[in-house]
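>>> only geometry, no sequence info:
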């Protein structure tokens, strides 16, 4: 099946800092989603982004499908951004990466 | 409000016991999914259903069973054959199965062994 690799595995940020999370995938995909899992386990849809760039407040995402990667940008990070960020790709099913654990310190 | 409701939030299972996790959606979605998440890992697909009275195995279906008798409901039974059931279980739905439809998730059920 398709392989999804996320980097870095862990990220510690000072409040107000910017960061970039990366998702590489091993084959052509129909689509891609970014999720944020909060400390209570809730999985929140951030972006549904097959290609191009989308922005939602302080978050933005870019997918370059032809080069098999996607980037998630967090700007002016806040403590509420802490949690695990997952990338998931569709071929015939949704396959998840192992996630990037983000800790934002006040 | 439209959404996906999973119950219970926490569940404990005794050895040799079957337990059933509930998942209900009022989004009028055709497709529904069950995932398992172990600590520090991503989600893995257990079963999915594209339409009522039809479902397919995912990557880790052994020890689990499902039914899809109604469009809005997709219960998951963790059987006694599942030797390591302790995990976080998440249910999801999408308008249709396939890559052009985003999946939306419930809040999950944490299952533990007594």
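Arrived safely. These numbers were taken from a predicted model, which means no experiment stands behind them.

>>> use CA for all of it now, contacts and neighbours both
Fine.

>>> what does chain A have sitting close to chain B?
Contact residues, chain A versus chain B (C-alpha under 8 Å from any C-alpha of the partner chain): A:29-31, A:33, A:41-45, A:48, A:86, A:90-99.

>>> switch to 7 Å and redo it
A:30-31, A:41-43, A:48, A:90-93, A:96-99 (C-alpha under 7 Å from any C-alpha of the partner chain).

>>> and the furthest pair within these?
A:30 and A:41 (26.4 Å; C-alpha to C-alpha).

>>> of the residues of chain A next to chain B, buried ones?
A:30-31, A:41-43, A:48, A:90-91, A:93, A:96-99 (16 or more other C-alpha atoms under 10 Å in any protein chain shown).

>>> which single residue of chain A approaches chain B most closely?
For chain A, the residue closest to chain B is residue A:98, as judged by C-alpha to the nearest C-alpha, at 4.5 Å.

>>> let me know the secondary structure of that residue.
coil (DSSP: H, G, I helix; E, B strand; the rest coil).

>>> adjacent strands (with direction) for the helix or strand of chain A with the lowest mean pLDDT?
Lowest on mean pLDDT, DSSP states H and E among the helices and strands of chain A sits strand A:94-96, with a mean of 90. Its sheet considered, strand A:94-96 pairs with strand A:83-90 (antiparallel) by DSSP bridges.

>>> okay, the most centrally placed residue in chain B and residue A:15: tell me how far apart.
Nearest to the geometric centre of chain B sits residue B:34, at 2.9 Å (C-alpha atoms, centre = their mean). Noted for residue B:34: a distance of 35 Å to residue A:15, by C-alpha to C-alpha, to the nearest Å.

>>> where in chain A is pLDDT low?
Counting by pLDDT under 70, chain A shows no low-confidence range.

>>> mind running it again at 90?
A:1-2, A:28-31, A:39-40, A:50, A:90-94 (pLDDT under 90).

>>> and for chain B?
Judged by pLDDT under 90, the stretches of chain B that qualify are B:1-2, B:13-16, B:39-41, B:80-83, B:95-103, B:113-114.

>>> just the helices in it please.
Using DSSP state H, chain B contains no helices.

>>> what's near enough to touch the residue nearest to residue A:70 when sequence neighbours are not counted?
Spatial nearest neighbour of residue A:70, excluding adjacent residues (C-alpha to C-alpha, 6 or more residues apart in numbering or on different chains): residue A:63 at 4.1 Å. Each residue near residue A:63 by C-alpha atoms under 7 Å, 6 or more residues apart in numbering or on different chains is listed here: A:49-53, A:69-71.

>>> turn those residues into TSV, including neighbour count.
Below are these laid out as TSV (neighbours: other C-alpha atoms under 10 Å in any protein chain shown):
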residue	neighbour count
A:49	20
A:50	20
A:51	17
A:52	11
A:53	15
A:69	19
A:70	25
A:71	20
